[in-house]
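Undergrad: Pasting the sequence and the predicted model now:
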Amino acid sequence: MAKPNPLLSGAAGRCPNCGEGHLFEGFLKVSPTCEACGFDLAAADSGDGPAVFVILIAGFIVAFGALFTMVAFRAPVWLTLLIWLPMTLVICLALLRPMKGLMLAAQFMNKASQATHD
C-alpha cells in the first residue's frame with residue numbers, strides 16, 4: 001500500500017504517516033499517537049510557525065480587501081470595519097488548523113529533530 005502525501009494529510013488534519021488517523025484531539029491540540037497506525041505524534045511541536053503564516057496570509061487578504069472596499073465602493077470607515085474585522089477572525093480561524101497540520105507534517109516528512117525521539 002502506497003503511503004499518502006504527508007503534506008496533504010497534515011493539511012486535512014490526518015496522520016502524516018498513514019493518512020488515516022486524526023492528527024488533532026481538539027481544535028489545535030495534537031494527539032499523542034495515531035489511532036490508526038500507532039505513530040508517535042507526541043514529539044510534534046510546530047512552535048509559532050503556523051501563526052506567523054496565518055498572520056501574513058490573513059493580513060494580506062484583509063488589508064487588500066479593506067482597501068479595495070474603501071476605494072472601489074467609497075465605503076465609509078465604519079462599514080469597512082464592520083465587514084473586515086469579523087472577516088479577519090474567520091480567515092485566521094479557518095487557516096490556523098490546516099497551517100499547523102502542514103507544519104507538523106513537514107517536520108515528520110523532513111525528519112526534523114523536534115519531531116523525533118532519541
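TA: Yep, that arrived. Residues are numbered from 1 along each chain as shown.

Undergrad: Roughly how far does A72 sit from A63?
TA: Separation of A72 from A63 (CB to CB, to the nearest Å): 14 Å. Backbone N, C-alpha and C define where each C-beta goes, glycine included.

Undergrad: Next: F53.
TA: Where A63 is concerned, F53 sits at a distance of 16 Å (CB to CB).

Undergrad: more neighbours, these two?
TA: Ranked by neighbour count (other CB atoms under 10 Å), F53 and A63 place F53 first, with 16 against 12.

Undergrad: Which of the helices or strands spans the more buried one?
TA: Under the criterion DSSP states H and E, the helix or strand holding F53 is helix 49-73.

Undergrad: Summarise which helices and strands the helix or strand just after that helix is packed against.
TA: Toward the C-terminal end, the helix or strand that comes next after helix 49-73 (DSSP H and E) is helix 77-109. Contacts defined by 3 or more CB pairs under 8 Å, 6 or more residues apart in numbering; DSSP states H and E place helix 77-109 against helix 6-11, helix 49-73.

Undergrad: how about the nearest residue to A12 once chain neighbours are set aside, what does it touch?
TA: The spatial neighbour of A12 that comes closest, neighbours along the chain excluded (CB to CB, 6 or more residues apart in numbering), is G101 at 7.0 Å. In this structure, G101 makes contact with S9, G10, A11, A12, G13, R14, L23, F24, judged by CB atoms under 8 Å, 6 or more residues apart in numbering.

Undergrad: any idea how far F108 is from G101?
TA: Here G101 is placed at a distance of 11 Å from F108 (CB to CB).

Undergrad: what residues do these two have in common as contacts?
TA: Counting by CB under 8 Å, 6+ apart, the residues touching both G101 and F108 are G10.

Undergrad: what are the phi and psi angles of D40?
TA: Here is the backbone geometry of D40 (degrees, to the nearest 10): phi -80, psi 110.

Undergrad: Brilliant, that's me finished.
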